[in-house]
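[1] Sharing a model prediction with you, sequence too.
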Amino acid sequence: MGRVLTYHSKSFINQVMEDYFQSGMSQVDCAKKWKISRGTLNNWLLSCRDEKKSVSLPLNMSVMDTEGQELVKLQAENERLRRNLTFANLKVAAYERLIEIVKQEDGIDVLKKGGAKQ
C-alpha cells in the first residue's frame, strides 16, 4: 500500500511548531499529540532551518534562532539526565534493600569490613 500525502495549512504547521518549541517535548511526543509522523515534523524543522526563515508564531517567537535550538537541546539533555538519575536512585535503593535482606536472613553484615583477624 502506498503512502498517502497529506497537506497541512501554514496555520496548522505554526501551531504544531509553537507547541513543540514552547513545551520542550520530544519530536516523537509532539508528533503523537498532533497525529502526524515524526518525519513530517522533522521535515518542517529542517525546512525552516535550511531556508533560514522563521515561522510566524504568536508572541513573535523566532523558531529557528540559535538560542531556541540550544534551549531545546538543553531541555532534552536535562530530561535524559533526570531519567538517568531516577534510575540510579532506584538501583541504589534496590542494593540497600538487598543488603538488609542478606543481613536479616543470613546474619551477614555485608557492609562490615572483614579485615584479617589475628
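    The structure has been received and is ready for your questions.
[2] Now residue 8: phi and psi?
    phi -110, psi 140 (degrees, to the nearest 10).
[3] Actually, residue 6.
    Backbone torsions for residue 6, taken as degrees, to the nearest 10, come to phi -120, psi 130.
[4] quick one: pLDDT of it?
    The model reports residue 6 with a pLDDT of 76.
[5] That one: how many residues sit nearby?
    By the criterion of other CB atoms under 10 Å, residue 6 has 8 neighbours. The C-beta positions use only the backbone N, C-alpha and C, and glycine is treated the same way.
[6] And the lowest-mean-pLDDT helix or strand in the chain, what does it pack against?
    When the helices and strands of the chain are scored by mean pLDDT, DSSP states H and E, helix 38-51 comes last with a mean of 78. For helix 38-51, the packing partners by 3 or more CB pairs under 8 Å, 6 or more residues apart in numbering; DSSP states H and E come out as helix 10-23, helix 27-34.
[7] now the first one, how far from the centre of its chain.
    Remark: helix 10-23 is offset 18 Å from the chain centroid, using CA atoms, centre = their mean, to the nearest Å.
[8] do the same with stretch 31-48
    On CA atoms, centre = their mean, the centre of stretch 31-48 falls 16 Å from the chain's centre.
[9] Can you give me the buried ones in that stretch?
    Judged by neighbour count using 16 or more other CB atoms under 10 Å, the buried positions of stretch 31-48 are 31, 34, 36, 40, 41, 44, 45, 48.
[10] Kindly report the same for stretch 74-91.
    Buried residues in stretch 74-91, counting neighbours by 16+ other CB under 10 Å, are absent.
[11] which secondary structure element contains residue 109?
    Assessed by DSSP states H and E, residue 109 sits outside every helix and strand.
[12] For this protein, which helix extends over the most residues?
    The helix that spans the most residues within the chain, counting by DSSP state H, is helix 66-106.
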